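1. here are the coordinates; sequence isn't available:
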């Protein structure tokens, strides 16, 4: 006789599948293959759990059994802190809700861990084996990638060309996952030998242990030499986090999870400009606690400490205690990811002792059951609708990026329209749509055929300006939005007399949010060159040089400004400095050398190329 599949079993299996597979789950259909799709899986898993809970309330009349495990308390504290940050600190609440480290994630993990408290020992054993299998797959992928198998077998797939590629989306997260799993596997393998368990079980444990150990070794061997070029230094993370204390309100509730990039750009020291990390824009802080402090303030830090305390609670003699300590180490040492948080949720579920925390029966009146069940169904249905719309918009947006790579302007344009129509609240959609409109306008303007083309160009330019303004309106703290608005105005300066002053205003707003970015000051100088305000241009270029003394383009542009002003002495000196920063024998080197020779042998400044008077000039170097 086949055993009936109950709603309770459905809840347990959905939790096992979601928590077990999230670390390895990714789909190459959105701009972010990893966090976006992991977030989607976790959120859908939580919504499915709520629906099954609602059906349980509506169908069963037996007393409810309530258990609040320590994991639910930890993630629950983060949920409360993130909701407070959302309501008070976030400037774009939709972006905050859709963030992989936002309140939706913490609420979803709270629901999953709370529901998992009813999972009995056989279910936990199944979750543990799924966890081992997933980590083993990651170990095999790490080995294959280190041997170049991905590059060899799939040369057309770009992300597989990286020897450190991982489905977790983060090498540091994968290392943490390996170490956490090894802390579970080693004692279990030893215990299996002592208890003389079945040979098949022992063999699986040993094979898993070997694969994961090899994966850990090859990953560390490749990653350690690259740490200085791919990881935000802890001292810089401390400086970034400390910026919140300049404002009492921000100190309490943080800058908002969607504004971390701005917090980073405002807080990063100038010294970072002369390191390999100069061009890197980090989306998270150096570790979990610093990130939560930055985006959710002191309330968030307190909540993260509550979760850390929940991890460390329990009998210190238990073998899970070492695993918990490794989880804490992961939170302290590496940037946060949704994959790492899901792994911690798995550890909470596995470590929960139902004997020490027995569930308490709770009798609920029928009308309360019906009301609660109906509300849960309605809330879950509405949430699922908005979730599908948000995800669909991500898919449309990614398709537009793929079309842009194929130089298909029409498809790029149309897919971005669909993305914005599906979810109009994300500033990056409007920024990209603005750039696409401007690019199409430039393309059409280069080969005008009739008045219809001229009207289309004017329409696209107005559209680019409108979308750039919308992006700023959606999030006035988004430095990329202000920079894009400045670039848009700068581009239309030849046809709009007032565009120069508007560009300066937008760039200054961007510079206020990213004061250590030398590129912004080169752009500002370029606008002043167009306006023939050479002294202001020189001041802007010199500020770029102060921010990054090794920035060749800044020296090249200040030389151009001096030459246009008629100061050939300073122009020659700046070009000489430029030559010291470019590679001898390169195209840039001879370009600068020829201009320097022309200045030194000329009696006037007419040798400066006329094109350099149209804005900031650039070498081919980044």
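-> On my side now, so go ahead. Everything quoted here is computed from the prediction, not taken from an experiment.

2. domains for the chain, by residue range?
-> 7-117+124-363, 517-622 (automatic domain parsing).

3. give me the low-pLDDT residue ranges for the stretch 251-400 of the chain?
-> Applying pLDDT under 70 to the stretch 251-400 of the chain picks out residues 314-318, 353-365, 367.

4. repeat that with 80
-> 314-320, 352-370, 372 (pLDDT under 80).

5. same question for the stretch 101-250 of the chain.
-> In the predicted model, the stretch 101-250 of the chain carries pLDDT under 80 at residues 118, 194-200, 227-230.

6. got the buried residues for the lengthiest helix in the chain?
-> Scanning the chain for the longest helix, with DSSP state H as the assignment, gives helix 366-405. Across helix 366-405, burial judged by 16 or more other CB atoms under 10 Å covers 369, 372-373, 376-377, 380, 383-384, 387, 390-391, 393-400, 403-404. Any C-beta I mention is one placed from the backbone N, CA and C, and that applies to glycine too.

7. so which residues of the stretch 1-150 of the chain form helices?
-> With helices called from DSSP state H, counting those that start in this stretch, the stretch 1-150 of the chain shows them at 7-21, 35-59, 70-88, 93-97, 103-115, 121-146, 149-153.

8. correction: the previous question concerned the stretch 301-450 of the chain.
-> Using DSSP H, counting those that start in this stretch, helices in the stretch 301-450 of the chain cover 320-333, 338-351, 366-405, 409-422, 427-445.

9. can you list those in a markdown table and add distance to residue 86?
-> Listed next are these as a markdown table, based on distance: least, CB to CB, whole Å:
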| stretch | distance to residue 86 |
| --- | --- |
| helix 320-333 | 22 |
| helix 338-351 | 17 |
| helix 366-405 | 15 |
| helix 409-422 | 22 |
| helix 427-445 | 17 |
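
10. looking at the ones you listed, spot the one closest to residue 203.
-> helix 338-351 (22.1 Å; CB to CB).

11. how far does the closest one sit from the chain's center?
-> 20 Å (CA atoms, centre = their mean, to the nearest Å).

12. any idea which helix or strand carries residue 276?
-> For residue 276, there is no enclosing helix or strand under DSSP states H and E.

13. for it, which non-adjacent residue is spatially closest?
-> Closest residue to residue 276 apart from its sequence neighbours, by CB to CB, 6 or more residues apart in numbering: residue 229 at 4.4 Å.

14. need the residues that contact the helix or strand harbouring the one you found.
-> Assigned by DSSP H and E, residue 229 belongs to helix 227-230. In this structure, residues lying in contact with helix 227-230 by CB atoms under 8 Å, 6 or more residues apart in numbering are 171, 275-277, 280.

15. one step back: what's the angle from the longest helix of the chain to helix 103-115?
-> Interaxial angle, helix 366-405 versus helix 103-115 (axes from the mean of the first three to the mean of the last three CA atoms, to 10 degrees): 130 degrees.

16. ok and helix 366-405 relative to helix 427-445, angle-wise?
-> On the basis of the same axes, to 10 degrees, helix 366-405 is oriented at 30 degrees to helix 427-445.

17. other SSEs contacting helix 366-405?
-> The contact analysis (3 or more CB pairs under 8 Å, 6 or more residues apart in numbering; DSSP states H and E) places helix 366-405 against helix 35-59, helix 409-422, helix 427-445.

18. try it again at 7 Å.
-> helix 35-59, helix 409-422 (3 or more CB pairs under 7 Å, 6 or more residues apart in numbering; DSSP states H and E).

19. returning to what we had before: can you say which of the domains of the chain is nearest to residue 480?
-> domain 7-117+124-363 (7.6 Å).

20. so who does the most centrally placed residue in the chain touch?
-> Closest residue to the average C-alpha location of the chain: residue 283 at 4.6 Å, with CA atoms, centre = their mean. By CB atoms under 7 Å, 6 or more residues apart in numbering, the contact list for residue 283 reads 260-261.
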